[in-house]
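**Q** what's the 3D shape of this:
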Amino acid sequence: MDLKTNSCRLLFDVGGTFLKAVAADSAGGLIPGSEFSCPMPSDGTREAITGALAASVARGAAFAARNGLVLAGIGIAFPGPFDYANGIPRMEHKFRSIYGLSLADLLHGLPETGPGMPVRFMHDVNAAMLGEMTWGSARDAANAALVTLGTGLGFACCLGREVQYSPTGSPRLAIYNCPYRDGILEDYVSKRGFLRIYAELAGSADPALTVADLGRMASEGDPAAKATFAEAGRILAGGIRGLLEEQKIECLLMGGQISRSFALLEPALREGLQGVGSLRTIAPAAHIGHAAFYGLLAQLDADR
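**A** As a prediction, this is how the structure comes out:
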């Protein structure tokens, strides 16, 4: 069988609650009907987390076999801290039960893979940045940055068309821990930040409220919800302006689930970044839900 035309790679994007997976064909396309998700809570036991990984590989390999494809590699986007070169989680705030466990050894020991299977681990935000640089909205920029808004606040950038990595494989530059008011920037521009701002503006908030709810409410005209996105946009612009100027960023992209409400953030964000001379583009990521998959695929291709 010709592996160039009859192979596929299995791509995983690990979040705090679920593992998302998809298979990609030899031409770099995500295969229709191959995408699935598997529960994988970050506070789960070692057995639950490793079992979810093994089950996901088995499911992806079964899909490949049904469609006459050979599994030729696995890419995994994982939050950090993490030893990405060796496939070892180093997180103490989540995924604590697999701290220090070699996921590379685990995956190479599965019946569907074997010791020769190419396996690549990447930081999730770096993977998304590489995906946008390769197949997304940063294709034409030398210097680009991606901000991800969700449970946390992520940042990655490429300079001179090269994604910037720390020695451990995480993003070289971070913004989540930048001092802001009585805490850090992530306290104000993330899921908890949006809900905090809304509660302050509205006087109270339903504990079950989500940022998706706020987006819907803002689109329907709720004044406090609309003001929440405007305030978050202003805070984010103020927090990243100096870094964008320093790194001469030309293209700023917004990713993560909250960025699906980019239109609500956009006016205040643009106003706050006026005068950043290098900045030509402010836009949502082209592949908000799939950018990390494309980045993993690009890295697997580069490793060949």
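
**Q** Cys251 - how many residues pack around it?
**A** 24 (other Cβ atoms under 10 Å). All C-beta atoms are positioned from the backbone trio N, CA, C, and that covers glycine.

**Q** show me what contacts it?
**A** By Cβ atoms under 8 Å, 6 or more residues apart in numbering, the residues touching Cys251 are 137-138, 140-141, 143-145, 279-281, 283.

**Q** and with 6 Å instead?
**A** 138, 141, 144, 281 (Cβ atoms under 6 Å, 6 or more residues apart in numbering).

**Q** now that we have those, which of them are buried?
**A** 138, 141, 144 (16 or more other Cβ atoms under 10 Å).

**Q** in TSV: these, plus secondary structure, distance to Glu112 and pLDDT.
**A** Output for the buried ones among the contacts of Cys251, formatted as TSV (DSSP: H, G, I helix; E, B strand; the rest coil; distance: Cβ to Cβ, whole Å; pLDDT from 0 to 100):
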residue	secondary structure	distance to Glu112	pLDDT
Ala138	coil	34	96
Ala141	coil	38	96
Ala144	strand	36	98
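
**Q** now the nearest residue to Ser278 once chain neighbours are set aside: phi and psi?
**A** Among residues not flanking Ser278 along the chain, Lys248 sits closest, at 4.3 Å (Cβ to Cβ, 6 or more residues apart in numbering). Here is the backbone geometry of Lys248 (degrees, to the nearest 10): phi 50, psi 50.

**Q** over to Ile258?
**A** The phi/psi pair for Ile258 (degrees, to the nearest 10) reads phi -70, psi -30.

**Q** one step back: the residue nearest to Ser278 - how many residues pack around it?
**A** The number of residues packed near Lys248 is 13, by other Cβ under 10 Å.

**Q** list the contacts of the helix or strand bottoming out on mean pLDDT in the chain.
**A** The weakest-scoring helix or strand in the chain, judged by mean pLDDT, DSSP states H and E, is strand 179-180 (a mean of 90). By Cβ under 6 Å, 6+ apart, the residues outside strand 179-180 that reach it are Tyr188.

**Q** for it, the distance to its chain's centre please.
**A** 23 Å (Cα atoms, centre = their mean, to the nearest Å).

**Q** can I get the contacts of Cys251 in JSON lines with distance to Ile74?
**A** Formatted as JSON lines, the contacts of Cys251 follow (distance: Cβ to Cβ, whole Å):
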{"residue": "Ala138", "distance to Ile74": "25"}
{"residue": "Ala141", "distance to Ile74": "29"}
{"residue": "Ala144", "distance to Ile74": "27"}
{"residue": "Thr281", "distance to Ile74": "33"}
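
**Q** strands paired with the least confident helix or strand of the chain, and their directions?
**A** Using DSSP bridges, the strands paired with strand 179-180 are strand 183-184 (antiparallel).

**Q** what lies in contact with the partner strand?
**A** Contacts of strand 183-184 (Cβ under 6 Å, 6+ apart): Asn177.

**Q** again with stretch 224-236
**A** Contacts of stretch 224-236 (Cβ under 6 Å, 6+ apart): 188-189, 194, 197-198, 201-202, 214, 217-218, 264-265, 268-269, 272.

**Q** can you show me the strands along the chain?
**A** With DSSP state E, the ranges of strands along the chain come out as 7-14, 18-25, 36-39, 70-78, 82-83, 88-89, 119-123, 144-149, 153-159, 162-163, 179-180, 183-184, 251-255, 281-284.

**Q** which ones are touching Gly87?
**A** When contacts are counted by Cβ under 6 Å, 6+ apart, Gly87 touches 102-104, 121.

**Q** all helices of this protein, in order?
**A** Remark: helices assigned in the chain by DSSP state H are 46-66, 103-108, 124-135, 191-202, 211-219, 223-247, 262-272, 291-303.

**Q** tell me the most buried of those helices?
**A** The highest mean neighbour count among the helices of the chain, using mean count of other Cβ atoms under 10 Å, belongs to helix 124-135: a mean of 28.

**Q** so that one versus strand 251-255, what angle?
**A** 120 degrees (axes from the mean of the first three to the mean of the last three Cα atoms, to 10 degrees).
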